[in-house]
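Peer 1: Whatever this is, show me its structure:
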Amino acid sequence: MFGDVYYKVFLLSSVTPATVTSVTVTDSTGTTVLPYNTTNGDYEKNVKYTGAVPTSANIVLATATGTQTYTVVVN
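Peer 2: Predicted coordinates:
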């Protein structure tokens, strides 16, 4: 299982890009920053894995008031 995983995070209407300090994906290979896409209004990145693709990842949304972590299964 090698290849690409596409991560995409949409913000709820109560959270705006101005209040977000970072959106990151942390998995068994490390941490990747998801850049903000002004065209689509989301945070997204295609991550290419040269080894086995992780089976899960934590999406961490950071704001000035704290962080929220969401665990997702990669498939």
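Peer 1: Which neighbouring elements make contact with the helix or strand of the chain with the lowest mean pLDDT?
Peer 2: Ranked by mean pLDDT, DSSP states H and E, the weakest helix or strand in the chain is strand 3-10, scoring a mean of 86. Counting contacts by 3 or more C-beta pairs under 8 Å, 6 or more residues apart in numbering; DSSP states H and E, strand 3-10 packs against strand 42-49, strand 56-63. (C-beta placed from N, C-alpha, C; glycine too.)
Peer 1: Looking at those strands, spot the one closest to G3.
Peer 2: Smallest distance to G3 across the helices and strands packed on strand 3-10 (C-beta to C-beta): 6.5 Å, for strand 42-49.
Peer 1: Could I have the CA atoms of the closest one written out in CSV?
Peer 2: Extracted in CSV, the C-alpha atoms of strand 42-49 (Å, rounded to 0.1, in the frame of the first residue of the first chain):
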residue,chain,number,x,y,z
ASP,A,42,-10.7,24.7,2.9
TYR,A,43,-7.4,23.2,4.1
GLU,A,44,-6.1,20.6,1.8
LYS,A,45,-3.0,18.7,0.8
ASN,A,46,-2.2,15.6,-1.2
VAL,A,47,0.4,13.6,0.8
LYS,A,48,2.5,11.1,-1.1
TYR,A,49,3.8,8.2,1.1
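Peer 1: just checking, what packs against that strand?
Peer 2: Using 3+ C-beta pairs under 8 Å, 6+ apart: strand 42-49 touches strand 3-10, strand 20-27, strand 30-33, strand 36-37.
Peer 1: for the helices and strands packed on strand 3-10, which one sits closest to A18?
Peer 2: The nearest among the helices and strands packed on strand 3-10, by C-beta to C-beta, is strand 56-63 at 9.9 Å.
Peer 1: Run me through the strand neighbours of the closest one, direction for each.
Peer 2: Here strand 56-63 is paired, per DSSP bridges, with strand 20-27 (antiparallel), strand 66-73 (antiparallel).
Peer 1: and among those strands, the most buried is which?
Peer 2: Comparing these by mean neighbour count (mean count of other C-beta atoms under 10 Å), strand 20-27 ranks first with a mean of 18.
Peer 1: got a list of contacts for it?
Peer 2: Residues from elsewhere that reach strand 20-27 (C-beta atoms under 8 Å, 6 or more residues apart in numbering): 7, 9, 11, 31-34, 36, 43, 45, 47, 54, 56-64, 74.
Peer 1: If anything else comes up later, I'll come back, but that's it for now.
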